[in-house]
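*Asks:* Fold the following and give me the result.
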Amino acid sequence: MCIGAFGPGLLLLIAMIVVTSFSQAQIPEVVHSVGIPTQTRAGTSVQLTILDENEKPFKEQALVRLTNQETGRVFLQVSRNSVAKFADVPLAMYQLEVGAAGYLGQQSRISLTDSTFDFNTTVSLVRDPAAVELRLSDADQLPPKARKEAEKGLQALELSNFVEARKYLEAASQRYPSSSSINFLRGYLAVQQKDPDHAVTYLTTAAKLDPKNLQAQNLLGQVYYRRGDYAHAAEAEEVVVAHSGESVVARRVLANSCLQLRQFEKARENSQWLVDRGGTEGLSARLTLGQALAGLGKNEEAIQVLTAYLNDSHASSVAPKVQQLISQLKAADNGRTNLEIGDPDLNADDTAGNAGMPADVDQQQPSLVAGVQCPANLLDETADRTKELVDSVARFSAIEHLVHENISPQGTPTTRETRQYDYVASITESRGTLGIQEFRESGDLNMPAKITTTGLPVLAIAFHPLFRNDFEMKCEGLGAWNEQAAWLVHFRQSDQKPSRLRSYVAPNGTFPVRLKGRAWILADNFQIVHMETDLLQGIPELRLMTEHTSVNYGPVQFRKGTTELWLPKSAELYVHLGKKRFHRSESFDHFMLFATDTTEKAKLPASGPSPAQTGDQSATKPQ
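*Replies:* Next comes the predicted model:
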């Protein structure tokens with residue numbers, strides 16, 4: 001990506017340099033086979049029908065996993081129209097696991113003993129009360145015009161286009177201010193845009209308008225906790241726990257709030273619940289439980305729990321403090337200590353002076369199915385799909401639509417400009433690295449505010465085999481993107497690797513960019529469907545504070561033939577640079593496919609490449 005002149009005398013170029021299972025619990029066993037007799041075969045077919053908590057067909061995608069208890073072999077399927085089917089499954093005892101984003105995972109054991117019968121069973125999924133559900137729960141109560149504006153705002157919110165989301169949700173609220181769901185969506189948006197004051201206002205209103213809106217109370221508690229208002233955080237989360245004791249996030253915030261308030265028995269009770277529940281939440285809750293036990297004067301128990309936390313979370317950012325706490329407890333006579341360590345994932349974030357900019361990936365808490373184990377081959381399969389993406393990007397042209405909006409310090413758009421370009425990308429591979437050039441053709445190549453952006457469509461290249469080792473990658477679990485089951489992978493630039501993916505080029509030098517981000521990878525085909533990235537740290541020399549990107553990918557079916565390519569569909573960019581803040585949206589349509597004959601080169605626009613050309617550790621100046 002490249003940025004041109006920012007005001008008199010400043011020329012800046014931003015260039016892309018391309019180069020466990022479910023929580024432990026009593027597992028019921030299903031030993032019957034139901035179905036129609038079939039011909040003799042080595043294995044059998046398994047069909048699972050998934051229902052929601054109202055015993056109706058499950059609308060979202062769910063991931064279903066069968067694990068052979070004898071061999072460990074795993075079978076994975078994604079449900080279609082509430083049904084998941086497996087063919088030729090060898091006879092054995094299996095662990096059956098079903099998970100979907102926003103719902104509590106279910107598990108059981110099934111016994112496949114007769115190959116002459118198909119095995120059919122039904123599973124009901126119950127919504128996870130801790131999950132954030134972006135929907136209009138009171139849509140039938142909204143006037144038509146308000147509902148239309150709210151639906152547009154909801155769609156923009158799901159696509160991380162926060163500027164558009166704010167515009168439509170404000171319009172919807174003006175038409176019908178008494179909607180709990182619209183106020184909740186505005187509160188959720190304010191959280192994403194680092195505006196805690198408005199978040200508290202909207203979420204409080206949502207909870208008052210609908211006392212059953214537990215997710216408004218839950219998110220309100222999280223906002224209060226991050227602001228250090230632990231009393232109000234505990235008050236909000238106690239309401240959630242009272243109505244839904246299964247809420248993992250509410251229990252977690254409540255336990256840590258009580259710890260900060262030195263209400264050690266309440267902190268112990270709620271953190272113990274999380275530990276007993278198991279899964280990743282149980283592991284992290286040991287930190288809170290250990291401190292609560294120490295506060296109650298139970299030294300030996302506290303040391304045991306905190307040591308277990310360190311054994312499982314040795315890379316935690318608070319590990320040195322935990323070790324110090326253990327040493328203090330061993331030396332203490334009365335079991336009391338003044339050292340309190342907050343949950344690193346719940347710590348307050350600094351939102352001052354950055355209103356209107358999205359929360360970065362480490363501050364977001366996507367909904368995950370608790371304890372679902374990621375496939376071992378996830379990164380390898382994704383790398384293969386990324387190679388296909390790189391090949392595909394070099395095979396198409398499109399119309400690029402660009403919208404640029406300057407943002408005020410209060411986070412509201414002040415100006416809006418639009419552009420349209422004929423777009424072509426060129427990708428070359430040489431000596432173990434990739435070079436990408438983007439070509440645009442139009443009557444006026446000057447982009448709004450003299451800021452030229454390139455490289456956004458190909459951010460997924462971070463997962464390419466040539467660059468994957470530059471990043472530390474960790475699968476966070478099973479979530480969803482647009483109601484499609486997806487694995488979430490967090491990545492960050494490795495401290496031991498140089499930054500090759502991105503750099504900023506300015507008159508005063510070249511500044512490598514160290515990135516972190518999250519990718520949503522579809523569970524059924526390992527395609528990257530969505531990516532978000534942020535800076536690991538700002539660049540003081542450029543006064544660059546924030547750069548948040550959001551890119552969507554999807555299949556494109558071309559008219560001629562049966563060719564389908566997975567291509568970038570849209571991208572959002574938010575930048576806070578000095579006194580300038582802006583939001584930029586790019587979208588692509590009217591895709592045209594080049595000839596697949598490798599001897600035929602793509603016809604590039606006569607205007608030549610955009611100001612930023614990318615290559616290993618180099619970039620051109622704006623023209």
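
*Asks:* Just the helices from the stretch 201-350 of the chain, written as ranges.
*Replies:* 214-226, 230-243, 248-260, 264-277, 279-295, 299-312, 319-331 (DSSP state H, counting those that start in this stretch).

*Asks:* any idea how far the spatially closest residue to residue 139 that is not a sequence neighbour lies from residue 407?
*Replies:* Once flanking residues are discounted, residue 139 sits nearest to residue 147: 5.7 Å by CB to CB, 6 or more residues apart in numbering. Every C-beta, even on glycine, is put in place using the N, C-alpha and C of the backbone. Going from residue 147 to residue 407 by CB to CB, to the nearest Å gives 28 Å.

*Asks:* same question, residue 60
*Replies:* For residue 60, the distance to residue 407 (CB to CB) stands at 34 Å.

*Asks:* and residue 485, that one's in a helix?
*Replies:* No. Counting by DSSP: H, G, I helix; E, B strand; the rest coil, one finds residue 485 to be strand, located in no helix.

*Asks:* Pull up the gap between it and residue 64, please.
*Replies:* For residue 485, the distance to residue 64 - CB to CB - is 10 Å.

*Asks:* now swap in residue 579 and tell me
*Replies:* Distance, residue 579 to residue 64, using CB to CB: 52 Å.

*Asks:* So between the two, which is more surrounded?
*Replies:* Between residue 579 and residue 64, counting by other CB atoms under 10 Å, residue 64 is the more crowded of the two (24 against 9).

*Asks:* Secondary structure element for the nearest residue to the more buried one once chain neighbours are set aside, which one?
*Replies:* Distances taken as CB to CB, 6+ apart put residue 84 closest to residue 64, at 4.1 Å, once the chain neighbours are dropped. Here residue 84 sits within strand 83-90, counting by DSSP states H and E.

*Asks:* Report the buried residues of that strand.
*Replies:* Buried residues in strand 83-90, counted by 16 or more other CB atoms under 10 Å: 83-84, 86, 89.

*Asks:* Not counting it itself, show me its contacts.
*Replies:* Applying CB atoms under 8 Å, 6 or more residues apart in numbering, the contact partners of strand 83-90 are 41-50, 62, 64, 66, 68, 73, 75, 77-78, 112, 119.

*Asks:* after whichever strand or helix holds residue 551, next one along is what?
*Replies:* Take DSSP H and E as the rule and residue 551 turns out to sit in strand 544-557. Proceeding N to C from strand 544-557, the next assigned helix or strand is strand 564-577, under DSSP H and E.

*Asks:* sorry, back to before: if I look at residue 485 and residue 64, which residues touch both of them?
*Replies:* In contact with both residue 485 and residue 64: 78-79, using CB under 8 Å, 6+ apart.

*Asks:* follow-up on the earlier one: just to be sure, the residue nearest to residue 139 is in a strand?
*Replies:* No. Under three-state DSSP, residue 147 sits outside any strand and is assigned helix.

*Asks:* how many neighbours does it have?
*Replies:* For residue 147, the number of neighbouring residues by other CB under 10 Å comes to 20.

*Asks:* ok so, going back, for the helices of the stretch 201-350 of the chain, could you give me CSV that also reports mean neighbour count?
*Replies:* Below are the helices of the stretch 201-350 of the chain laid out as CSV (neighbours: other CB atoms under 10 Å):
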stretch, mean neighbour count
helix 214-226, 25
helix 230-243, 20
helix 248-260, 26
helix 264-277, 20
helix 279-295, 25
helix 299-312, 18
helix 319-331, 15
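
*Asks:* quick revisit: so residue 60 and residue 407 - more neighbours on which side?
*Replies:* Neighbours were tallied for residue 60 and for residue 407 using other CB under 10 Å; the higher tally belongs to residue 407 (23 against 18).

*Asks:* I figured the more buried one was touching residue 582, is that so?
*Replies:* Yes. Taking CB atoms under 8 Å as the definition, residue 407 is a contact partner of residue 582 at 5.9 Å.

*Asks:* anything in contact with each of these two?
*Replies:* Joint contacts of residue 407 and residue 582 (CB under 8 Å, 6+ apart) are residue 574.

*Asks:* Let me see the ranges of the strands in the stretch 451-600 of the chain.
*Replies:* Using DSSP state E, counting those that start in this stretch, the strands found in the stretch 451-600 of the chain span residues 471-481, 484-493, 502-506, 509-512, 515-522, 528-535, 544-557, 564-577, 580-593.

*Asks:* Sheet-wise, list the partners of the last one with their directions.
*Replies:* For strand 580-593, the paired strands and their directions (DSSP bridges) read strand 396-407 (antiparallel), strand 564-577 (antiparallel).

*Asks:* what's the answer for the shortest one, then?
*Replies:* The strands beside strand 509-512 in its sheet (DSSP bridges) come out as strand 502-506 (antiparallel).

*Asks:* So for the partner strand, mean pLDDT?
*Replies:* Averaging pLDDT along strand 502-506 gives 69.

*Asks:* Okay, now the unreliable bits of the stretch 201-350 of the chain?
*Replies:* Scanning the stretch 201-350 of the chain for pLDDT under 70 picks out the ranges 279-280, 314-315, 332-339, 347-350.

*Asks:* hang on, the earlier thing: farthest pair in the buried residues of strand 83-90?
*Replies:* Using CB to CB, those reach their maximum pairwise distance at 83 and 89, which is 15.5 Å.

*Asks:* next structured bit after the longest strand along the chain?
*Replies:* Longest strand of the chain, by residue count under DSSP state E: strand 413-430. Later in the chain than strand 413-430, the nearest helix or strand by DSSP H and E is strand 433-441.

*Asks:* export that following strand as CSV, just CAs?
*Replies:* Extracted C-alpha coordinates of strand 433-441, given in CSV (Å, rounded to 0.1, in the frame of the first residue of the first chain):
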residue,chain,number,x,y,z
THR,A,433,10.1,-13.8,-3.3
LEU,A,434,7.1,-12.3,-4.9
GLY,A,435,6.7,-8.9,-6.6
ILE,A,436,3.3,-7.3,-7.0
GLN,A,437,2.4,-4.3,-9.2
GLU,A,438,-1.1,-2.8,-9.4
PHE,A,439,-2.1,-0.9,-12.5
ARG,A,440,-4.9,1.6,-12.6
GLU,A,441,-6.3,3.4,-15.7
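
*Asks:* ok and that strand relative to strand 413-430, angle-wise?
*Replies:* Comparing the axes of strand 433-441 and strand 413-430 via axes from the mean of the first three to the mean of the last three CA atoms, to 10 degrees yields an angle of 130 degrees.

*Asks:* thinking again about what came up before, point out the other helices and strands that the longest strand of the chain packs with.
*Replies:* helix 378-393, strand 396-407, strand 433-441 (3 or more CB pairs under 8 Å, 6 or more residues apart in numbering; DSSP states H and E).

*Asks:* CA atoms only: put it into CSV for me.
*Replies:* Only the C-alpha atoms of strand 413-430 are listed here, as CSV (Å, rounded to 0.1, in the frame of the first residue of the first chain):
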residue,chain,number,x,y,z
PRO,A,413,-16.8,11.7,8.6
THR,A,414,-16.3,15.3,7.3
THR,A,415,-15.7,14.9,3.6
ARG,A,416,-16.4,12.2,1.0
GLU,A,417,-14.9,11.6,-2.4
THR,A,418,-15.3,8.8,-4.9
ARG,A,419,-13.2,7.4,-7.7
GLN,A,420,-13.4,4.6,-10.3
TYR,A,421,-10.6,2.8,-12.0
ASP,A,422,-9.8,0.0,-14.4
TYR,A,423,-7.7,-2.3,-12.3
VAL,A,424,-5.1,-5.0,-13.1
ALA,A,425,-2.6,-6.7,-10.8
SER,A,426,0.7,-8.2,-12.0
ILE,A,427,2.5,-10.8,-9.8
THR,A,428,6.0,-12.2,-10.5
GLU,A,429,8.1,-14.7,-8.5
SER,A,430,11.9,-14.5,-8.5
